[in-house]
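Q: give me coordinates for this.
(chains A, B, C and D)
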There are 4 protein chains.
Amino acid sequence: MRAAIAGASGYAGGELLRLLLSHPGIEIGALTAASSAGTALGAHQPHLAPLAGRILLETSAETLGGHDLVFLALPHGQSAAVAEQLGDGTLVVDCGADFRLADPAAWEHFYGGAHAGTWPYGLPELPGRREELRATRRIAVPGCYPTAVTLAMFPAFAAGLVEPDVVVVAASGTSGAGRAPKPNLLGSEVMGSASAYGVGGVHRHTPEMEQNLSPLAGEPVTVSFTPVLAPMSRGILATCTAPARPGLTQAVLREAYEVATKDEPFLRLLPEGQWPATSMTLGANTAVLQVVLDERAGRVVAVVAIDNLTKGTAGGAIQSANLALGLPEELGLPLNGVAP
Amino acid sequence: MRAAIAGASGYAGGELLRLLLSHPGIEIGALTAASSAGTALGAHQPHLAPLAGRILLETSAETLGGHDLVFLALPHGQSAAVAEQLGDGTLVVDCGADFRLADPAAWEHFYGGAHAGTWPYGLPELPGRREELRATRRIAVPGCYPTAVTLAMFPAFAAGLVEPDVVVVAASGTSGAGRAPKPNLLGSEVMGSASAYGVGGVHRHTPEMEQNLSPLAGEPVTVSFTPVLAPMSRGILATCTAPARPGLTQAVLREAYEVATKDEPFLRLLPEGQWPATSMTLGANTAVLQVVLDERAGRVVAVVAIDNLTKGTAGGAIQSANLALGLPEELGLPLNGVAP
Amino acid sequence: MRAAIAGASGYAGGELLRLLLSHPGIEIGALTAASSAGTALGAHQPHLAPLAGRILLETSAETLGGHDLVFLALPHGQSAAVAEQLGDGTLVVDCGADFRLADPAAWEHFYGGAHAGTWPYGLPELPGRREELRATRRIAVPGCYPTAVTLAMFPAFAAGLVEPDVVVVAASGTSGAGRAPKPNLLGSEVMGSASAYGVGGVHRHTPEMEQNLSPLAGEPVTVSFTPVLAPMSRGILATCTAPARPGLTQAVLREAYEVATKDEPFLRLLPEGQWPATSMTLGANTAVLQVVLDERAGRVVAVVAIDNLTKGTAGGAIQSANLALGLPEELGLPLNGVAP
Amino acid sequence: MRAAIAGASGYAGGELLRLLLSHPGIEIGALTAASSAGTALGAHQPHLAPLAGRILLETSAETLGGHDLVFLALPHGQSAAVAEQLGDGTLVVDCGADFRLADPAAWEHFYGGAHAGTWPYGLPELPGRREELRATRRIAVPGCYPTAVTLAMFPAFAAGLVEPDVVVVAASGTSGAGRAPKPNLLGSEVMGSASAYGVGGVHRHTPEMEQNLSPLAGEPVTVSFTPVLAPMSRGILATCTAPARPGLTQAVLREAYEVATKDEPFLRLLPEGQWPATSMTLGANTAVLQVVLDERAGRVVAVVAIDNLTKGTAGGAIQSANLALGLPEELGLPLNGVAP
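A: Predicted coordinates for the structure are as follows:
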């Protein structure tokens, strides 16, 4: 299989390449970019030694055509036009938001503009999704925050253990904000500081979380989501809490999470008493989980750590692509983090 | 006025000294320590140039006696024994937890052992506290997390705008965990990583938050509190949310926070649209606030940033001491953070 | 005394304001900026609470005129035009490079373009400079690296202890690179990483170091300078080494540094065995020094830590301005760092 | 091939395990520890998901026996006693210092105590070493700093381009200092700060650098070495400079480095104008190099970045072990860093 990567000079593109370099079933084909077209990859991704001399091409139907699969790591709103030009037989995996939301009204409210459509959602751990992903040529890779939050809460909702009123506060590394230089993302600004942004129900990942959890709950789930920028390059640590249903016990809660995670290659429920840290997942496709019943407050509290660029973007994309290509789901995806 | 500091080799002690060095009304007297007694302060607090040659004394009634005020920056459980030996005329300001909680049952549940008692609570911004602090010789300095959370939520509860069911997720710098070397606090472990700890209603600061907010609510307030260790030395960024009372509007909410903060020298409500970052408060006694109504989720979300060592410990201690000493409340306390 | 600050939205401007806010002899007047003119300072310097509402003006003779002193914190090359429009009676303190170098050829080689001239050099610790600064209305503030390196090596050269062949490797925080957003300064790039830049004798601060040390050596001093970008916002840690003159002993070396520093309010020679860390100087106008004779290698090794924005820029500027204004040299300048 | 790891709970042990988990030719056998024996690996190395349940054994001849190879990641001074108990047919790879130095006097001066002996030195890139490593059952893994410095300077010495008087200043991440908790290694101390230590010819890695470079120079090489602790977990960025021999040109210098590196799988000479950053090598066994002639100062300046735990310890150990086992030298060793 040969893969092209559109947007190879950005963070998502770089992570796709890092993972594909050790993927035994996918060969790296054309690398494309926008303003960086014509320059060597080594100027943008100097950590990818074996690809340093590769020249970035323009993103176009010509450069992306002729591959078995194409990963799109483009700014929101640009994927539809590119995807249209690629044949139905090509597997297209979109790391952007364009095809994630099913509800056009939600799209308009949070993103604005016309809704491009909906593609099969690349979160294989969600009940029922694997079958869909095995049969598709189009995949919408989930957002990084929705990946974290959905993996933390789906066992509780699937087992009917919590009320549909979720509060999420998630600390993210700065790579989640991308590579376009902005003053607030300068190292001088972010080092030594934590800050909130997109507060009060305005972050675009909010409806995606609700879309994932509501079907499991059997009723509309509301998410109050506050993202926090933390002084680290990678990683999301999401704290998710919802009111416990009456009578819930810690034993029942734990059992639900054990059942939901035990056959999942990339979900890791920690032993009781140990809590997730993002360093456990740096560079890995693993989501590390823990959950507890706060009896005083009557709440379930689930905490999840992922690497936003790996399981949260590029690793998740390859995991779903593996399914669509008929390859083993785990192929080429690291289970271990790089620590300390 | 002459102040002794017990526990001068730790982080709280160091911050007390840093602030007192530029305090025009308080002179620095004896500095005491436990295992570091007999060594020079410069070996422990090398940033405090003018005090580098001062020798640390043993913590005892003799060394602490004869001062107008004594700051205790000791491990939990050690303050009562020391305070007993100091005369009633000496102002004793305890930066530890020993005298914060009014409810012996809460003390036993969260701290274990016998309850030492309750001293006037050093959070002048809480309605009614200033008068009490002006008349006392004993002050219990609030915990760093309760300082942040109480300042973020008291305007909402005082105005009756929210339900008494609060969720707090707060990211803290590592200095909040103190200076005793533990493997999980090594730089190698914390840099580049965010981690949760004390999850599920077990953190000792939880009952203190409830104690502060319940009287304002006129009913018991429950707090679900999750602390997060963030890769920074200083700072707390707390996201606090509670269900909005029916009919609440953004205008009413904003007005309540403007009224509650406008005469407070150390509370700073940001303009709408700007959100707190801990770097705004590094080294300052300021709490920076923002609040918004999330209409989709029906929740008030308040975010606050403080420096855990300044407003959260040493600065708050001096602020309350200023009141008890009849000095201007703001004396010697920085309003500006050090940034970037 | 009333001071205007040109370039108030940048890092040097922000640090000038932070320090002036607690300066008892200088009042803050007009604040000017380029593209940010018309916006509130609080949008750019949110840590400066008391000035948050101040509106930035255009940088011009009108806005800067009528002040006793004007600090210029402008991009290189812009100071001359502004300074010309300010009267000879106004104290003008230029934090940029325009007036630092005496040798037009060096200016052309390292900066390019026409040499603007030379102003008295604002490093009062250099022998003979204080008198000059007390009598001037124009001050060229030294570069941050030259400040560090000159303070580390002047005692050795003044006492004739080393050969004029200096090697310097200096780690700097990212604020030294300014606030203009560039991809390589993004938090995602700099956190967790150290990188070299400007290697091989091309960094513009190199001739300034040589200019400072050569007169003390009585012969031309050559500096091999390598700057390193370190993952921190502030601070410079410079390691400076030169061959020891024959027969030099540790005792003689130590004595020379003790003599050179003992009456200097902002130079702090650590006790033998303790080495500088930039955290000792965060936010302080202090330079922390240590020196040792490496007998095996026959070299003097001096290490210095400063805060690049304080002693390295804004604090040094105010220190020199104090002299020119006839104020006590230390007025309004912090001696203590903020740590941890 | 089955490998035991002694010292599996430390940083070097953890990195060995991380790399071995994806090594196709070596299976992970017994994991041993000292005070952590009896506990699960997951409590110490939570990033190594597949090994989380493995129980740490006591370090002894029994637990380490019966393996094809044994990696020792023990505190200095403990390797000899363990190695003696392992048969001559077992490949023993010592990540500690015990067998690195050939000169007993240097050992005594820098480490103290009796010299344990000398084993073949595990730096395959050094001329002549590969043959030796292919034929040995005992390997002394180089120190992290000597790895970096030797790789940066061997091309210059091998080609006779520089004088034997080297100055090195190297910034290291904190993992190089190990996992034993010490106050100066706390996150609160190291974040946001750079500090020097072991200055003046006293760092134990100094004689190892000289031992490596002197044979290439054909005369004794002196190294003035200053290590700097930088606020990052991993990585070494070493700046190495020596006087250029008369007549040296940039073209000749560049050519020497191209020749020396072009067939080396783990040495990567960057294109001219691009400089190493440690992030390029995070988790990789690659050393990234750049070199330039500073004509003004008459010096060669070489800069190298490595990951101190990978190429600097565990990766280097496996690279040499591959040779001794007759496996391809690159087997199981990542070429790419994890970035950003």
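
Q: the stretch 151-300 of chain A: strands as residue ranges?
A: Taking DSSP state E, counting those that start in this stretch, the strands of the stretch 151-300 of chain A run over residues A:165-172, A:195-196, A:222-229, A:236-243, A:267-269, A:287-294, A:299-306.

Q: residue of the stretch 1-150 of chain A closest to chain B, please.
A: Closest residue of the stretch 1-150 of chain A to chain B, Cβ to the nearest Cβ: A:His109 (9.4 Å). Just so you know, the C-beta spots here come from the backbone N, C-alpha and C atoms, and that holds for glycine as well.

Q: what about that residue, which helix or strand?
A: helix A:104-110 (DSSP states H and E).

Q: now that helix, how far from the centre of its chain.
A: Averaging C-alpha positions (Cα atoms, centre = their mean, to the nearest Å) puts helix A:104-110 20 Å from its chain's average.

Q: and if you look at stretch A:164-184?
A: So, by Cα atoms, centre = their mean, the centroid of stretch A:164-184 is 12 Å from its chain's centroid.

Q: now for chain A, the helix or strand with the poorest mean pLDDT.
A: Within chain A, confidence by mean pLDDT, DSSP states H and E is lowest for helix A:79-84 among all helices and strands, at a mean of 93.

Q: now do the buried residues in that helix.
A: A:Ser79, A:Ala80, A:Val82, A:Ala83 (16 or more other Cβ atoms under 10 Å in any protein chain shown).

Q: got a pLDDT number for the residue nearest to A:Met232 when sequence neighbours are not counted?
A: Excluding the flanking residues, the one nearest A:Met232 by Cβ to Cβ, 6 or more residues apart in numbering or on different chains is A:Gly173, at 4.3 Å. As predicted, A:Gly173 sits at a pLDDT of 98.

Q: circling back: near chain B, from the buried residues of helix A:79-84?
A: By Cβ under 8 Å from any Cβ of the partner chain, no member of these lies near chain B.

Q: farthest-separated two in the residues you listed?
A: The most widely separated members of the buried residues of helix A:79-84, counting by Cβ to Cβ, are A:Ala80 and A:Val82 (7.4 Å).

Q: spell out which residues are contacts of both of those two.
A: Residues touching both A:Ala80 and A:Val82 (Cβ atoms under 8 Å, 6 or more residues apart in numbering or on different chains): none.

Q: report the outermost residue of chain A with respect to its centre.
A: For chain A, the largest distance from the centre (Cα atoms, centre = their mean) belongs to A:Gly247, which lies 33.5 Å off.

Q: how much space between it and A:Phe154?
A: Distance of A:Gly247 to A:Phe154, computed by Cβ to Cβ, to the nearest Å: 21 Å.

Q: can I get the longest helix seen in chain A as PDB, trimmed to CA atoms?
A: The residue-count maximum for a helix in chain A (DSSP state H) belongs to helix A:144-158. What follows is helix A:144-158, C-alpha atoms only, in PDB (Å, rounded to 0.1, in the frame of the first residue of the first chain):
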ATOM      1  CA  CYS A 144      -8.200  15.200  19.700                       C
ATOM      2  CA  TYR A 145     -10.400  16.300  22.600                       C
ATOM      3  CA  PRO A 146     -13.400  14.200  21.500                       C
ATOM      4  CA  THR A 147     -11.200  11.200  21.200                       C
ATOM      5  CA  ALA A 148     -10.000  11.600  24.800                       C
ATOM      6  CA  VAL A 149     -13.400  12.400  26.200                       C
ATOM      7  CA  THR A 150     -15.300   9.700  24.400                       C
ATOM      8  CA  LEU A 151     -12.900   7.100  25.400                       C
ATOM      9  CA  ALA A 152     -13.100   8.200  29.000                       C
ATOM     10  CA  MET A 153     -16.900   8.200  29.200                       C
ATOM     11  CA  PHE A 154     -18.300   5.700  26.700                       C
ATOM     12  CA  PRO A 155     -18.100   2.800  29.200                       C
ATOM     13  CA  ALA A 156     -20.100   4.700  31.800                       C
ATOM     14  CA  PHE A 157     -22.800   5.700  29.200                       C
ATOM     15  CA  ALA A 158     -22.900   2.300  27.500                       C
END
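
Q: distance between that helix and the chain's centre?
A: With Cα atoms, centre = their mean, you get 11 Å for helix A:144-158.

Q: over to stretch A:309-321?
A: Chain-centre distance of stretch A:309-321: 6 Å, with Cα atoms, centre = their mean.

Q: how long is it from one end to the other?
A: Stretch A:309-321 has an end-to-end distance of 16 Å (Cα to Cα, to the nearest Å).

Q: tell me the pLDDT of the closest residue to A:Arg134 other than its chain neighbours.
A: Of all residues not flanking A:Arg134 in the chain, A:Leu323 sits nearest, at 5.1 Å (Cβ to Cβ, 6+ apart). We have a pLDDT of 98 for A:Leu323.

Q: ok, A:Arg54 next?
A: Looking at A:Arg54, its pLDDT reads 98.

Q: got a list of what the residue lying closest to it once chain neighbours are set aside touches?
A: Nearest in space to A:Arg54, with sequence neighbours left out and distances taken as Cβ to Cβ, 6+ apart, is A:Leu41 at 4.6 Å. By Cβ under 8 Å, 6+ apart, the contact set of A:Leu41 is A:Ala8, A:Ser9, A:Leu17, A:Leu31, A:Leu48, A:Leu51, A:Ala52, A:Gly53, A:Arg54, A:Ile55, A:Leu56.

Q: could you measure A:Leu41 against C:Asp68, distance?
A: A:Leu41 sits 55 Å away from C:Asp68, going by Cβ to Cβ.

Q: ok, now A:Thr147?
A: 58 Å.

Q: which of these two has more neighbours?
A: A:Thr147 (29 against 16; other Cβ atoms under 10 Å in any protein chain shown).

Q: you'd agree the more buried one is up against A:Thr310?
A: No: with contact defined as Cβ atoms under 8 Å, A:Thr147 does not reach A:Thr310; the gap is 10.2 Å.

Q: which residues do these two both contact?
A: A:Gly316.

Q: quick one: which of the buried residues of helix A:79-84 is nearest to chain D?
A: Closest approach between the buried residues of helix A:79-84 and chain D, by Cβ to the nearest Cβ: A:Ser79, at 22.7 Å.

Q: let me see the contact set for that closest one.
A: A:Ser79 neighbours (Cβ under 8 Å, 6+ apart): A:Leu72, A:Asp94, A:Gly96, A:Asp98, A:Phe99, A:Ala116.

Q: from chain C, how far off is it?
A: When Cβ to the nearest Cβ, to the nearest Å is the yardstick, A:Ser79 and chain C sit 23 Å from each other.

Q: A:Pro120 now?
A: Separation of A:Pro120 from chain C (Cβ to the nearest Cβ): 30 Å.
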